[in-house]
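Asks: any chance you could fold what I've pasted below:
(chains A and B)
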Amino acid sequence: MSFLTMTNLEKLFGQNRVVKDFSLSVEKGEFISLLGPSGCGKTTVLRMVAGFESPTAGGITIDGKDVTGLKANSRNIGMMFQAYALFPNMTVADNVAFGLKVKGAPRAERDARVAEMLALIGLEDLGARFPFQLSGGQQQRVALARALAPRPSVLLLDEPLSALDAKVRVSLRNQIRQIQQDLGITTIFVTHDQEEAMSISDRIVVMNGGVADQVGAPFEIYNRPRTKFVANFVGTLNTFEVEVTDPTTGRVTLAGQGLSLPNAPLAAHVGEKLSVALRPEALRLGRLPDAEALLTAKVTDVNFMGSVIRLKADLAGAAVSLDTFNRPDTPPPVVGSEVEVSLSGRDFILLQA
Amino acid sequence: MTRFFAWGTFLLGCVFFALPLIGMTEFSLKMRRGEYSFDAYRRVFEDQRFWDTFSYSLILAAATIVVGVLLVVPTAYWVRLKLPQARPVIEFITLLPLVIPAIVIVFGYIRLYNTSSFLPLTGSALGTDILLTMGYTTLALPYMYRSVDTGLRTIDVATLTEAAQSLGAGWVTILARIILPNVMVAVLSGAFLTLAIVLGEFTMAALLNRPAFGPFMQLLGANRAYEPPALAVIAFAITWGCMGLMQLVTRFSKHERAKA
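Replies: This next block holds a predicted model:
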């Protein structure tokens, strides 16, 4: 049995059904991200697990125990908030010790645990400081230590990196993942940042309109999106229309070039138009020997992003994005120039509605 | 030119406020004919009734502050956290003491809690003191509520509450260890305002026949010439002392500085 289960969760705010029939099983020690746009219900799901919202229907169990009707302060859950939420009247050490104090832990145990937690986040010298004397990244690390100090069964992270600058964000997310793996704590992370979710999660739940559109490992979510929404929300996508020429073998044509789609629907008939998509990195610049088709594209924009160069181009009647690695000896194509683009049918993603 | 008018208005304001105070202070020092002295102040301090009424009012002020904090802090917190839609109603209720005269309130009290009523509070000194404390709490409500509400506005009440809850804290712990310490300066400013109101209040104490500082000031004012201004100067000194204390508390409160 899974460590944390959410079964047929529903949440209504007035007449507005924010979460609809949401079910998820999380294994012990797993890192799950709830990913989706604003208003998709991801934070509401997290708040229901935390006990800050009660579900209109459905149930939640943690370690086999039904916690659906349990108050937030009885669930033994650690939580990090976007706004840090450190207690301004307490020092860093007092903040970290708060949960243990509430539980009635003896002074010696508290002090030892605070020292251990501060060492874990690398702020052992800052115990006497007040939150306002720390940077945003340091405050969020203290918030992590505070959440972990009482040894919670589940760690909930509500967009904890959103208020930080890009560099701190990356280092802190790596630190969170490292600590999570070291402690083996079951974690649910809410974010609208797909890169963040991809980089640290064991599994991602892509949410849309209160339901889980797809649940899977980052690789699966990115490369085999099940719905148009997932495909569009996770990463950049180029969409094309191809014409079926032989449904039995999955043969289609794009701009007069023949391609084989591995997952083409057998029920399709000859001449039917199918909606397909390609990731920017699946469109490869130049003539490649293993490619199925070679098309010419006109470059409309060039974005130099460091290790990657993103080109915008007109290809087979569609405006596409195309990623290529930066090579110091090869300057990127100029805007207005024509380039050859190689592509293969095996890279196409067949989109459902 | 604009600068000249700005300074002119400022100085005019200073003169408007300071002149009566200077005049009053100067008059309070003129008890001895032909020279300045502190005779009036000495006479006030030598009067046992001054100490009796002053300490009585101080005790009632302390009780009023405790009742006010216990009533206002959880109410303002709860309104901010769970019932933001009730805020206009609560604000209206807390403003009522400003528009309903104290005499109306005290007559209402006497009618409701007289010796032949279901709760005869006016039948004993302690009961009347409790009634007076409630009356003072009502009078101080607009100031206490606004102070606390302003304090609560400076912190993220909802997130701090949820953070504490996730760490296992219950409502009493949250209020006592998270919310109250973070609005302490606001509570203190409300408390000092309450103290100033209680020390100067006359109507309720006089009609409930309690030996408070307000009726003593009135009594002195009606029968003496130099002592009343001396008493007024003392009352001002207490008020300013309270304001100074408020400033001090803010200055020495580290986490409050962070919010500024």
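
Asks: pretty sure residue B:64 is in contact with residue B:198, am I right?
Replies: Yes - with contact defined as CB atoms under 8 Å, residue B:64 counts as touching residue B:198 (5.6 Å). For the C-beta atoms, the positions are set from N, CA and C on the backbone; glycine is no exception.

Asks: what do these two both touch?
Replies: Residues touching both residue B:64 and residue B:198 (CB atoms under 8 Å, 6 or more residues apart in numbering or on different chains): B:136, B:140.

Asks: beyond the helix or strand where residue B:127 lies, next helix or strand please.
Replies: Residue B:127 is part of helix B:125-153, with elements assigned from DSSP states H and E. Per DSSP H and E, helix B:125-153 leads on to helix B:157-166 as the next helix or strand towards the C-terminus.

Asks: got a list of contacts for that next one?
Replies: By CB under 8 Å, 6+ apart, the list of residues contacting helix B:157-166 reads A:50-52, A:71-73, A:77-79, A:81, A:83, A:85-87, A:98, A:143, A:146-147, A:156, B:77, B:80-81, B:173-174, B:177-179, B:182.

Asks: what's the mean pLDDT across it?
Replies: Helix B:157-166 shows a mean pLDDT of 94.

Asks: export that helix to PDB, keeping only CA atoms.
Replies: The C-alpha trace of helix B:157-166 is given here as PDB (Å, rounded to 0.1, in the frame of the first residue of the first chain):
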ATOM      1  CA  VAL B 157      -1.400  36.500   9.600                       C
ATOM      2  CA  ALA B 158      -2.700  33.700   7.400                       C
ATOM      3  CA  THR B 159       0.700  32.200   6.400                       C
ATOM      4  CA  LEU B 160       2.100  32.500   9.900                       C
ATOM      5  CA  THR B 161      -0.900  30.800  11.300                       C
ATOM      6  CA  GLU B 162      -0.600  28.000   8.800                       C
ATOM      7  CA  ALA B 163       3.100  27.600   9.400                       C
ATOM      8  CA  ALA B 164       2.500  27.300  13.100                       C
ATOM      9  CA  GLN B 165      -0.400  24.900  12.600                       C
ATOM     10  CA  SER B 166       1.800  22.700  10.400                       C
END
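
Asks: buried ones in it?
Replies: Neighbour-count burial for helix B:157-166 flags B:157, B:160-166 (criterion: 16 or more other CB atoms under 10 Å in any protein chain shown).

Asks: how about residues contacting the helix or strand following that helix?
Replies: Later in the chain than helix B:157-166, the nearest helix or strand by DSSP H and E is helix B:171-173. With contact meaning CB under 8 Å, 6+ apart, helix B:171-173 is reached by A:102, B:164.

Asks: so which bits of the stretch 51-200 of chain B are right by chain A?
Replies: Applying CB under 8 Å from any CB of the partner chain, we find that the stretch 51-200 of chain B lies next to chain A at B:155-156, B:159-160, B:162-170, B:173, B:177-178, B:181-182, B:184.

Asks: so how many other residues sit close to residue A:179?
Replies: 19 (other CB atoms under 10 Å in any protein chain shown).

Asks: need the phi and psi values for it.
Replies: Main-chain dihedrals, residue A:179, degrees, to the nearest 10: phi -60, psi -40.

Asks: residues in contact with residue A:325?
Replies: A:307-309.

Asks: read off the pLDDT value for it.
Replies: 89.

Asks: show me which helix runs longest in chain B.
Replies: Looking across chain B with DSSP state H, the single longest helix is helix B:48-81.

Asks: show me where pLDDT drops low in chain A?
Replies: The model of chain A has pLDDT under 70 over residues A:263-266, A:352-353.
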